[in-house]
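In: coordinates only, no sequence provided:
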């Protein structure tokens, strides 16, 4: 499931953009999906490291910080 | 509009997570919304810098790289 374009476009509009191209929305969607996947992979390692099978909020926080 | 939880949870599951808490999904959603907003704000500056009112794909790329 991809992140919906409307939600990604809203993020850009909230940043103060007057106009934004469709390709820019697609590019930001792709970028944040990649960043999200990297954080999730790091969080999964953090959970393993802590001896858990469930990814918890603290694993996401650790992944974002490290 | 927030990014939908189902899409964010899918990103975590695709990273190989067996189990994930609801709070972890909420935390990742919040993290990627913040990162997205930072990229969008930088992209808006890049478009200004290039003398455009429309944010284009290249502005997002520049924002991600810088």
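Out: Cool, got the structure. These figures come from a predicted structure and were not determined experimentally. Numbers count the residues shown, from 1 in each chain, chains lettered A, B, ... in the order given.
In: switch to C-alpha atoms for all contacts and neighbour counts from now on
Out: Will do.
In: the longest helix along chain A - contacts with which helices or strands?
Out: In chain A, assigned by DSSP state H, the helix with the most residues is helix A:22-49. Packing partners of helix A:22-49 (3 or more Cα pairs under 8 Å, 6 or more residues apart in numbering or on different chains; DSSP states H and E): helix A:5-14, strand A:54-55, helix A:57-65, helix B:5-14, helix B:22-49, helix B:57-65.
In: can you put those in CSV and add distance to residue A:27?
Out: Below are the helices and strands packed on helix A:22-49 laid out as CSV (distance: least, Cα to Cα, whole Å):
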stretch, distance to residue A:27
helix A:5-14, 10
strand A:54-55, 28
helix A:57-65, 21
helix B:5-14, 17
helix B:22-49, 11
helix B:57-65, 6
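In: adding mean pLDDT and mean neighbour count, write those out as JSON lines.
Out: Supplementary listing: the helices and strands packed on helix A:22-49 in JSON lines, determined by pLDDT from 0 to 100; neighbours: other Cα atoms under 10 Å in any protein chain shown:
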{"stretch": "helix A:5-14", "mean pLDDT": "93", "mean neighbour count": "19"}
{"stretch": "strand A:54-55", "mean pLDDT": "96", "mean neighbour count": "21"}
{"stretch": "helix A:57-65", "mean pLDDT": "97", "mean neighbour count": "18"}
{"stretch": "helix B:5-14", "mean pLDDT": "93", "mean neighbour count": "19"}
{"stretch": "helix B:22-49", "mean pLDDT": "96", "mean neighbour count": "20"}
{"stretch": "helix B:57-65", "mean pLDDT": "97", "mean neighbour count": "18"}
